[in-house]
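Colleague: test case, fold it:
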Amino acid sequence: MIFNNPHRRIDRWIRSNPVRIDLFTGALYTLMCTGFALAMGAGGGMGFALSLLAITILQSAPLMVRRRYPWAVTIVVAFAHLMQLFFQGIFLPSQLSVPLLIYTMAVYGKRWQSFATLGVGLLGAILATSNIFGPGAYGQANISFDMIISFVGLSLVVTLAWTFGDLARSRRQTLNALRAHAQRLENERLIERELAASDERNHIAREMHDIVAHSLSVIITQADGARYAAVKDPNIAIETLKTVSDAGRSSLREMRRLLGVLRTDEEVDHRPLPTLENIPELVETAMKSGVEVYFQVKGSPRRQLPTGAELTAYRCVQEALTNVMKHAGPRSTTHVTLSWTNRGVEISVIDDGRGAGSLGVAGTGQGLRGLHERVSLYDGTSTAAPHPGGGFAVSVFIPYSED
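Modeller: So this is what the prediction gives:
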């Protein structure tokens, strides 16, 4: 039997519970630092001891929420260190929170906050050196070697903490980008598979239309002929009816074959066809892939679109958003507008193309050709071309009636 590595389970739990870890370690660290502060201030009177205790708590307790509120925690701890400058030559264990906070800000803070924390840390190295050697140390003609070593050492600690944090930040951003890209590819794969299945069904539907139309034409023609022939020659009528029967059976076989191809799993069989009300779901899927989408509906329908026309409108938006995710990239902005007019519905999908780059995928144009074919079946019009301001624009109009 193979047992799970306990170290991996512990590491997985730690990574999935950062808030609890911060609360526990921060509380433990605060408790230890408080004990040291009370011991150091025991011989200096009540006021001195309480001052050290307050400074220690301000320097250590905020670490319990360092990843939830990194900037606020940094401000509080920096203020506590400024208060400590009034007590010359005293080192508190809670001061070890400085490199940890610098690391935290480099990982989780905004970029300008990260650099600001680095600058404050280097300034703190100067103030700490001054506090150790006296306020007039930097005014001496010859700065001592010990002062240089102290400043360089503190600055090195600050710089290393920030550097390791910045590296962790870069690694975190890279992993997030890879996860987002993988999710986007998975969404595109699912959408393309659905579109491919829909196109195949349309192809089969056209075949079925040809089969039924041809067979019914033969049946109607032969039936009319049999009706007239039965008056003069019943034998001819019998042969004609046999032709009608054979044509009907052949058509039935072909329809059964095509319907067997159309049959899929139970989930698809019972799932209702998408309508215009499902467009927000397409928008949400695109936004999960990193595309910023703004969806707007103008006006209200005068009457209901035919079911097939409404499905076609939905597929047009789906195809356009799929192209945005494939070609415009995850950082693009897209505007989807659904406008109801007196004659029908107008759909426009316009992206700015800002995210296009190395991750873009070259297309064959089959999807756009299929889009034009779908729209033309309902006497609609469609255009797909580069947008004058950059990016790509797809415009579709579908009238209320098929007639």
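Colleague: ok, and the closest non-adjacent residue to residue 307?
Modeller: residue 273 (7.1 Å; Cβ to Cβ, 6 or more residues apart in numbering). Using the backbone N, CA and C atoms, a C-beta is placed for each residue, glycine as well.
Colleague: do the same with residue 124
Modeller: Here the residue nearest residue 124, using Cβ to Cβ, 6+ apart, is residue 81, at 6.3 Å.
Colleague: C-alpha coordinates for the helix or strand containing that neighbour, PDB please?
Modeller: If you go by DSSP states H and E, residue 81 is part of helix 70-84. Provided in PDB are the C-alpha atoms of helix 70-84 (Å, rounded to 0.1, in the frame of the first residue of the first chain):
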ATOM      1  CA  PRO A  70      -0.200  44.300   4.000                       C
ATOM      2  CA  TRP A  71      -0.200  48.100   3.500                       C
ATOM      3  CA  ALA A  72      -2.000  48.900   6.700                       C
ATOM      4  CA  VAL A  73       0.200  46.500   8.700                       C
ATOM      5  CA  THR A  74       3.300  48.100   7.300                       C
ATOM      6  CA  ILE A  75       2.200  51.600   8.300                       C
ATOM      7  CA  VAL A  76       1.400  50.500  11.900                       C
ATOM      8  CA  VAL A  77       4.700  48.700  12.300                       C
ATOM      9  CA  ALA A  78       6.700  51.600  10.800                       C
ATOM     10  CA  PHE A  79       5.000  54.000  13.200                       C
ATOM     11  CA  ALA A  80       5.900  51.700  16.100                       C
ATOM     12  CA  HIS A  81       9.600  51.700  15.000                       C
ATOM     13  CA  LEU A  82       9.600  55.500  14.900                       C
ATOM     14  CA  MET A  83       8.300  55.500  18.500                       C
ATOM     15  CA  GLN A  84      11.200  53.200  19.500                       C
END
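Colleague: helices along this protein, start to end?
Modeller: Ranges of helices within the chain are 6-16, 18-41, 46-60, 70-84, 97-108, 111-133, 145-232, 234-262, 266-270, 279-288, 307-323, 366-376, based on DSSP state H.
Colleague: and of those helices, who's closest to residue 388?
Modeller: helix 307-323 (17.4 Å; Cβ to Cβ).
Colleague: going by neighbour count, list what's buried in the closest one.
Modeller: 309-323 (16 or more other Cβ atoms under 10 Å).
Colleague: try stretch 80-96
Modeller: Within stretch 80-96, the residues scored as buried using 16+ other Cβ under 10 Å are 80-81, 84, 87, 90, 92-95.
Colleague: what's the farthest-apart pair in those?
Modeller: 87 and 93 (14.3 Å).
Colleague: quick check: which ranges of the stretch 301-403 of the chain have low pLDDT?
Modeller: Residues of the stretch 301-403 of the chain meeting the criterion pLDDT under 70: 328-330, 354-367, 402-403.
Colleague: switch to 90 and redo it
Modeller: 301-333, 351-380, 384-392, 400-403 (pLDDT under 90).
Colleague: quick one: the strands in it?
Modeller: Along the stretch 301-403 of the chain, the segments classed as strands by DSSP state E, counting those that start in this stretch run 333-340, 344-351, 381-386, 392-399.
Colleague: pick the most deeply packed of these.
Modeller: strand 344-351 (a mean of 22; mean count of other Cβ atoms under 10 Å).
Colleague: neighbouring strands - and their directions - for that one?
Modeller: strand 333-340 (antiparallel), strand 392-399 (antiparallel) (DSSP bridges).
Colleague: which residues touch that strand?
Modeller: Contact with strand 344-351 is made by 276, 291, 301, 305, 313, 316-317, 320-321, 324, 328, 332-340, 380, 387, 391-400, as judged by Cβ atoms under 8 Å, 6 or more residues apart in numbering.
Colleague: do that again at 6 Å, thanks
Modeller: 313, 316, 320, 324, 328, 332, 334-339, 387, 391-400 (Cβ atoms under 6 Å, 6 or more residues apart in numbering).
Colleague: for stretch 36-47, same thing?
Modeller: With Cβ under 6 Å, 6+ apart as the criterion, stretch 36-47 contacts 48-49, 52-53, 56, 93.
Colleague: let's have the strands of the stretch 301-403 of the chain in TSV, adding distance to residue 226.
Modeller: Shown next, in TSV, are the strands of the stretch 301-403 of the chain (distance: least, Cβ to Cβ, whole Å):
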stretch	distance to residue 226
strand 333-340	51
strand 344-351	45
strand 381-386	45
strand 392-399	42
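Colleague: so which of the ones you listed is nearest residue 107?
Modeller: Here strand 333-340 is closest among those (Cβ to Cβ), at 28.4 Å.
Colleague: and stretch 275-290, how far out from the chain middle?
Modeller: 12 Å (Cα atoms, centre = their mean, to the nearest Å).
Colleague: thinking again about what came up before, so which of the strands paired with strand 344-351 is nearest residue 12?
Modeller: Residue 12 lies closest to strand 333-340 among the strands paired with strand 344-351, at 36.8 Å (Cβ to Cβ).
Colleague: re the thing from before, which pLDDT does the model give the residue nearest to residue 124?
Modeller: At residue 81, the model reports a pLDDT of 85.
Colleague: what's the answer for residue 86, then?
Modeller: 80.
Colleague: hmm, back to that, compute the inter-axis angle for the helix holding residue 81 and helix 46-60.
Modeller: Angle of helix 70-84 versus helix 46-60, following axes from the mean of the first three to the mean of the last three Cα atoms, to 10 degrees, is 150 degrees.
Colleague: how far does helix 70-84 sit from its chain's centre?
Modeller: For helix 70-84, the distance to the chain centre is 35 Å (Cα atoms, centre = their mean).
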